[in-house]
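J.: One predicted model, sequence on top.
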Amino acid sequence: SEIEIQRLDRLNLVGEMAASIGHEVRNPLTTVKGYLQLFQMKEQFAGYSSQLDMMIQELDRANAIITEFLSLAKNKTVELQPGSLNDTIYSIIPLLQAEALHLGHQIFVITGDIPTTYFSDKEIRQLILNLVKNALEAMKHNGTISIKTYQLNDEIVLAIEDSGAGIPNELLDKLGTPFLTTKECGTGLGLPVCYRIAERHMAKIEIDTSSKGTTFFIKFPIRTKQL
Ligand code: ADP
Ligand code: MG
C-alpha cells in the first residue's frame, strides 16, 4: 500500500545514513569511555567517582542508540538459520519476565506447534525485546502481555498482545518512522528496527489496537530453504 511504501522510503533514507555515520561516531565514544575508565582507577579522581560513573552510563546509552541505529542499515547482512521460533522465545523469556516483574506486570507465553523455518535468532530476539519493551511501557499497572506463536495457513504468526492504552489513529499511520516517539526518554528507534528486521525476514507486521490494548502480529513465511 501507499503507506507501506512511504514507510520503507523513510526507512531506507535513514538506513543509509545509519550505516555511514554509525561507525564514525562509535569509535570516538569508545576512546572516551576508555579514558574515563582509566580515570576511575586513578587516586587523583577519587572525588569524582559518581560523575565518572554517570559519564560512562551516558556513553553506554549513546552507544546503545547507535547500535539500534546501525541495525536500520539496509544492506546489513544477517545470517538466517533453520530453527524453531519457539526456542528463541524461550531463551529470551527469563529476561522479559524479570523486567515485567520489576514493573508489576505479567507475561504469558503460549507457543503453538510451528514448523522449522529460516530466521536470525539474534534479530528475532531483538524484535521481541523491542515489542515487549513497548508493551511494558504502554501499561499502567497490573498489565498482562501474551506472547503467542501459531501457524495460520502458510505463515508462522508471532503475536505480542498487551493490555495497554492502545495506539491513537493519527499515530498508527506514522509508526515505523525513525525517531517518532511519544515518550519523554524514548529514542523512536524500536519500531523502525522491528520493521527492518521484519523486512529482512520477508515478514509482515500487522497491528490491532483499541483502548483495551494492542497486538502486534508478525507474520513469517515458512521457509524451508536458505534464500
Ligand atoms: P520508543 O519506544 O522509543 O518511543 P518505538 O519506535 O519503540 O519508540 O515506538 C514508537 C511509539 O509507538 C511509542 O513512543 C508509542 O507511542 C507507540 N507504541 C509502540 N508500541 C506501542 C504499544 N504496544 N502500545 C501503545 N503505544 C505503542
Ligand atoms: Mg520502544
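T.: Yep, it's here. Ligands and ions are numbered 1, 2, ... in the order given.
J.: In the protein, what helix or strand scores lowest on average pLDDT?
T.: helix 2-40 (a mean of 83; mean pLDDT, DSSP states H and E).
J.: Stretch 195-214 near ligand 2 anywhere?
T.: No. Applying Cβ under 5 Å from the ion, one finds stretch 195-214 separated from ligand 2 by no less than 12.3 Å. (Each C-beta comes from the backbone N, C-alpha and C, glycine too.)
J.: buried residues in that stretch?
T.: When burial is assessed from 16 or more other Cβ atoms under 10 Å, stretch 195-214 yields the following buried residues: 195, 196, 197, 198, 199, 200, 201, 203, 205, 209, 213, 214.
J.: Please enumerate residues in contact with the helix or strand where the first one lies?
T.: Per DSSP states H and E, residue 195 falls inside helix 190-200. Counting by Cβ atoms under 8 Å, 6 or more residues apart in numbering, the neighbours of helix 190-200 from elsewhere in the structure are 7-8, 11, 14-15, 68, 71-72, 74, 76, 78, 120, 123-124, 126-127, 130-131, 133-134, 175-178, 180, 204-205, 216, 218.
J.: Look up which helix or strand residue 95 falls in, please.
T.: Per DSSP H and E, residue 95 falls inside helix 85-103.
J.: separation between the residue of the chain most remote from its centre and residue 28?
T.: Ranked by distance from the centre of the chain (Cα atoms, centre = their mean), the top residue is residue 44, with 40.8 Å. For residue 44, the distance to residue 28 equals 24 Å [Cβ to Cβ, to the nearest Å].
J.: What residues does this structure have near ligand 1?
T.: Residues of the chain that fall close to ligand 1, judged by Cβ under 6 Å from any ligand atom: 130, 134-135, 138, 162, 164-165, 167, 171, 175, 180-183, 186-191, 214.
J.: Now the buried members of those.
T.: 130, 134-135, 138, 162, 164-165, 167, 175, 180, 187, 189-191, 214.
J.: What's the nearest residue in the chain when you look at ligand 2?
T.: residue 190 (2.8 Å; Cβ to the ion).
J.: circling back to that earlier point, could you flag which of the contacts of helix 190-200 are buried?
T.: Taking 16+ other Cβ under 10 Å as the criterion, what is buried in those is 7-8, 11, 14-15, 68, 71-72, 74, 120, 123-124, 126-127, 130-131, 134, 175-178, 180, 205, 216, 218.
J.: so where is this protein shaky, pLDDT-wise?
T.: 74-76, 226-227 (pLDDT under 70).
J.: Just want the most central residue of it.
T.: Nearest to the mean C-alpha position of the chain, counting by Cα atoms, centre = their mean, stands residue 130 at 2.8 Å.
J.: Mind telling me what element that one is part of?
T.: Per DSSP H and E: helix 121-138 holds residue 130.
J.: so what's residue 87 up against?
T.: No contacts exist for residue 87 under Cβ under 8 Å, 6+ apart.
J.: likewise residue 174?
T.: Listed by Cβ under 8 Å, 6+ apart, the contact partners of residue 174 are residue 180.
J.: Is it in a helix, a strand, or coil?
T.: coil (DSSP: H, G, I helix; E, B strand; the rest coil).
J.: And it, its phi and psi?
T.: The phi and psi values for residue 174, taken as degrees, to the nearest 10, are phi -90, psi -10.
J.: Spatially nearest residue to residue 21 (excluding sequence neighbours)?
T.: residue 69 (7.9 Å; Cβ to Cβ, 6 or more residues apart in numbering).
J.: next structured bit after the helix or strand harbouring the one you found?
T.: For residue 69, the host element (DSSP H and E) is helix 49-70. Using DSSP H and E, the helix or strand that follows helix 49-70 in sequence is strand 81-83.
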